[in-house]
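Visitor: okay, sequence plus prediction incoming.
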Amino acid sequence: MPPRRFSNEPAFVLHRYDWSESSLILEVFTRNHGRTALVAKGAKKPSSNFRPVLLPLQPLHLGWTQSAGGEAEIHTLKGAEWVGGHIMPTGDALLSGLYLNELLLRLLARGDPHAFLFDHYAAVVQVLASEHGEALEPVLRLFELVLLREVGLLPALDVQTLTQHALDPAGRYALVAEGGLRTAGQGERASLRGAQWLLLAQALQEGAALTALLHACAPVAFELKPQLRALLQYHCGSPRLRTRQFMMDVQAL
C-alpha cells in the first residue's frame, strides 16, 4: 500500500523542536486533519526553503506524506508555503498567540479534526496581528469559549449545571471547574448576571459567528477571564500553563 499524500492543507505551526542537527519536529494545527506531527527534514539548514516559512502564528499551506497504513505518529513534511495576509504579532499579542497554541497542544488529540475551531483560531490570530487595541481580551475569551465547547468541556450556559434549573436573568452565576455553572456567592466578583450568560449561550448556539461572539464577550471579558482560565487549567492539569506562568512573572517584575 503506497503512502498517502496530502497537499495544500491550511495549517499553523503550534510548536517546533530539534530532531537532529538539521531537522525539526513540528506540531501543526490543520483544518481538515486536526493536530498533526511532522518531521521537516533539513529545515535548519541555511539553504532550506522551509527555514523562513515554518513560524508560529503564520497561515501556511502544507503538504506531507503519511506512511502506508498510517501507523506512524510523525509524518514527513514535503511542502510548506506561506499564505500571507498579516505580519507576526508582537508584544502582548505575541504572548497571547503562544498561549492559544499551548492550549491547543494540551487539549487537542492528534488526528481529531476541528475545522470550525481552526477557522476561529485563524480569525483570532489575524486580530492579534492587527491594531487590536481593545479587542485583545474579548477575542481571547471568545476563543477560550469556542475551544472548550469544541472539545466537550464547556457546560451549558443557559442552565445551572447541577440542578438544570433555568437561569434568572437578574441573578448572578459563577462558572467553576468542578461544578459548572452555579449560583454565585455573596460578593463573588468572578461571576456574571444570568442575562449575560444567556447572551453568551445564544451566541454559541447560533453558529458561534465571530462577530456575534465578540459582541457578547466584549462587555464581560474582565469577569470571564478568571472563570475560563480556572476551567482551562483544571482540564489541562499540572503543571501550570507555561505561557500563563511567564505572563505572571513578567507582571510581577
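Guide: On my side now, so go ahead. Numbering: from 1, shown residues only.
Visitor: disregarding residues adjacent in the polypeptide, which is nearest to the most centrally placed residue in the chain?
Guide: Nearest to the geometric centre of the chain sits residue 100, at 4.2 Å (Cα atoms, centre = their mean). Leaving aside its chain neighbours, residue 100 sits nearest to residue 143 (6.0 Å; criterion: Cβ to Cβ, 6 or more residues apart in numbering). From N, CA and C alone the C-beta is placed, and that goes for glycine too.
Visitor: following the helix or strand where the residue nearest to the centre of the chain lies, which helix or strand comes up?
Guide: Element membership of residue 100, judged by DSSP states H and E, is helix 91-107. Under the assignment DSSP H and E, the closest C-terminal helix or strand after helix 91-107 is helix 115-128.
Visitor: tell me the buried residues in that next one?
Guide: Buried residues in helix 115-128, counting neighbours by 16 or more other Cβ atoms under 10 Å, are found at 117-118, 120-128.
Visitor: could you list the low-pLDDT ranges of the stretch 51-200 of the chain?
Guide: Applying pLDDT under 70 to the stretch 51-200 of the chain picks out residues 67-71, 131-133.
Visitor: all strands of it, in order?
Guide: For the stretch 51-200 of the chain, the strands defined by DSSP state E, counting those that start in this stretch cover 60-66, 74-82, 172-176, 180-183, 192-193.
Visitor: tell me which stretches of the protein form helices.
Guide: All helices of the chain, identified by DSSP state H, fall at 91-107, 115-128, 136-150, 194-205, 210-217, 221-236, 242-252.
Visitor: among those helices, which is nearest residue 177?
Guide: Judged by Cβ to Cβ, the one of the helices of the chain that comes nearest to residue 177 is helix 221-236, at 3.6 Å.
Visitor: using PDB, write out every CA atom in the closest one.
Guide: Provided in PDB are the C-alpha atoms of helix 221-236 (Å, rounded to 0.1, in the frame of the first residue of the first chain):
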ATOM      1  CA  ALA A 221     -14.300  40.000  29.200                       C
ATOM      2  CA  PHE A 222     -12.900  41.100  32.600                       C
ATOM      3  CA  GLU A 223     -15.300  38.900  34.600                       C
ATOM      4  CA  LEU A 224     -15.000  35.900  32.300                       C
ATOM      5  CA  LYS A 225     -11.200  35.800  32.400                       C
ATOM      6  CA  PRO A 226     -10.600  34.200  35.800                       C
ATOM      7  CA  GLN A 227     -13.500  31.800  35.300                       C
ATOM      8  CA  LEU A 228     -12.400  30.500  32.000                       C
ATOM      9  CA  ARG A 229      -8.700  30.400  32.900                       C
ATOM     10  CA  ALA A 230      -9.500  28.300  36.000                       C
ATOM     11  CA  LEU A 231     -11.600  25.900  34.000                       C
ATOM     12  CA  LEU A 232      -8.900  25.600  31.300                       C
ATOM     13  CA  GLN A 233      -6.200  25.000  33.800                       C
ATOM     14  CA  TYR A 234      -8.300  22.300  35.600                       C
ATOM     15  CA  HIS A 235      -8.700  20.400  32.300                       C
ATOM     16  CA  CYS A 236      -5.100  21.000  31.200                       C
END
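Visitor: buried residues in it?
Guide: Buried, per 16+ other Cβ under 10 Å, within helix 221-236: 221, 223-224, 227-229, 231-233, 236.
Visitor: quick one: that helix to helix 210-217, angle?
Guide: If you take axes from the mean of the first three to the mean of the last three Cα atoms, to 10 degrees, helix 221-236 sits at 110 degrees to helix 210-217.
Visitor: what lies in contact with helix 221-236?
Guide: 103, 106-107, 137-138, 140-141, 144-145, 148, 153-154, 174-178, 189-192, 217, 240-241, 244 (Cβ atoms under 8 Å, 6 or more residues apart in numbering).
Visitor: let's see that with 6 Å instead.
Guide: 106, 137-138, 141, 144, 153, 175, 177, 190, 192 (Cβ atoms under 6 Å, 6 or more residues apart in numbering).
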